[in-house]
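A.B. asks: Here is a sequence together with a model predicted from it:
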Amino acid sequence: MFAKFSFLTLVSLLCFSCRNQTSLIKNNTAIIINGGNNTLDILDLKRNKIKSKIEVAKDKNSFAHHVYFSKSKKMASIALPAMDFSKGHDGMHIMNVPGKIVVLNTIDGKVKVQIDVPMANHNAIISPDEKEVWTTGMSHMGRVFVYDLETGKLKDMIVVDADPSEIIFSKNEKYALVACGESSFINIIDIGTKKIIKQIKVDPNPNNVWAGFDDNIFVENSLRKTLNIIDLNTFKVIDFIDFDFIPGFMVYNELNREIWICSKSDDNVYIYRKENDKWVKTSTFGSSGGPHMIA
């Protein structure tokens, strides 16, 4: 099941764990976002079957991209960038298209709010207090947009470095973290004040930032084929990995203390473990084509 459902081109998988058994998206289910037709497949993990489907948007040129649960698991947020990212982000430099945010109620699968974003956006995340939804505008202007979750109205617009992509919240719920592709910095934003408090130097042209282990975050760099690991207690890069492949999405496997890394350039997933103070490639397995995200 794992290989079959987790590594589909233009597909992201997010697992769900909640005791609310009346929800459409409930315990022992996962949601698979399909960018090609803007749908969510609701996967029953016990029977390994798709039990229902939710249409996110009717416009087939919306290209639904990445899905995140809110802290309570009662909502799911999705970006609609109107850009096909399956071949990378290079097209953003010659196009200027608006994006959207869709927030769904997980109980009934219905749209809670839909928000127009002035620029194509890579993802959308709901704030820890579940009062706001944050997204980025992927352009040289460099913007983070903060919207009221109930009304959909713009509350704040934060100027960041050029070409921001994925935005995530830190585990301690203090910071918003965004990688800006046309810079060499990760921008750290205070969630409460909406101000940038730190810009951390990483390898040039970081693609994305992902949740790491403990109080660390991972910074993906496909141009330099590297991973930077940042400690959010010191705001410093504390470790790195140089790859012989182009890295994509990466996640930490706490059970085995491993980093799992998608590589769509050769349709593999690579596993690294730290041995003698150095990250070493320990395993490789093939996906069904274009591995994009793993949970």
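C.D. replies: Thanks, I have the structure now.
A.B. asks: For residue 221, which non-adjacent residue is closest in space?
C.D. replies: Counting by C-beta to C-beta, 6 or more residues apart in numbering, residue 203 is the residue found nearest to residue 221 once chain neighbours are left out, at 4.6 Å. C-betas here are computed from N, CA, C, even on glycine.
A.B. asks: Now do the contacts for that neighbour.
C.D. replies: With contact taken as C-beta atoms under 8 Å, 6 or more residues apart in numbering, residue 203 is in contact with 184, 219, 221, 224, 226, 228, 240.
A.B. asks: Adding neighbour count, write the residues you listed out as CSV.
C.D. replies: CSV is the format used below for those (neighbours: other C-beta atoms under 10 Å):
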residue, neighbour count
184, 15
219, 25
221, 23
224, 17
226, 18
228, 23
240, 14
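A.B. asks: tell me which element the residue nearest to residue 221 is part of?
C.D. replies: Per DSSP states H and E, residue 203 falls between elements, in no helix or strand.
A.B. asks: Give me the below-cutoff pLDDT ranges for the chain.
C.D. replies: 1-23, 60, 84-95, 295 (pLDDT under 70).
A.B. asks: Helices of this structure, residue ranges please.
C.D. replies: 2-6 (DSSP state H).
A.B. asks: related to what we said a few turns ago, among the contacts of residue 203, which lie within strands?
C.D. replies: Using DSSP state E, the members of these that fall within strands are 219, 221, 226, 228, 240.
A.B. asks: who are the neighbours in contact with the closest residue in space to residue 83 that isn't next to it in sequence?
C.D. replies: Once flanking residues are discounted, residue 83 sits nearest to residue 120: 4.8 Å by C-beta to C-beta, 6+ apart. Going by C-beta under 8 Å, 6+ apart, residue 120 touches 81, 82, 83, 92, 95, 97, 98, 99, 137, 138, 139.
A.B. asks: Repeat the analysis, applying 6 Å as the threshold.
C.D. replies: 81, 82, 83, 97, 99, 138 (C-beta atoms under 6 Å, 6 or more residues apart in numbering).
A.B. asks: Identify, from the contacts of residue 203, the entry nearest to residue 145.
C.D. replies: Of all these, residue 145 sits closest to residue 219, with 21.9 Å by C-beta to C-beta.
A.B. asks: ok, what's across the strand from the nearest residue to the closest one once chain neighbours are set aside?
C.D. replies: In space, residue 219 comes closest to residue 228 once its chain neighbours are excluded; the distance is 4.1 Å by C-beta to C-beta, 6+ apart. In this entry, residue 228 is beta-bridged to residue 219, residue 240, by DSSP bridges.
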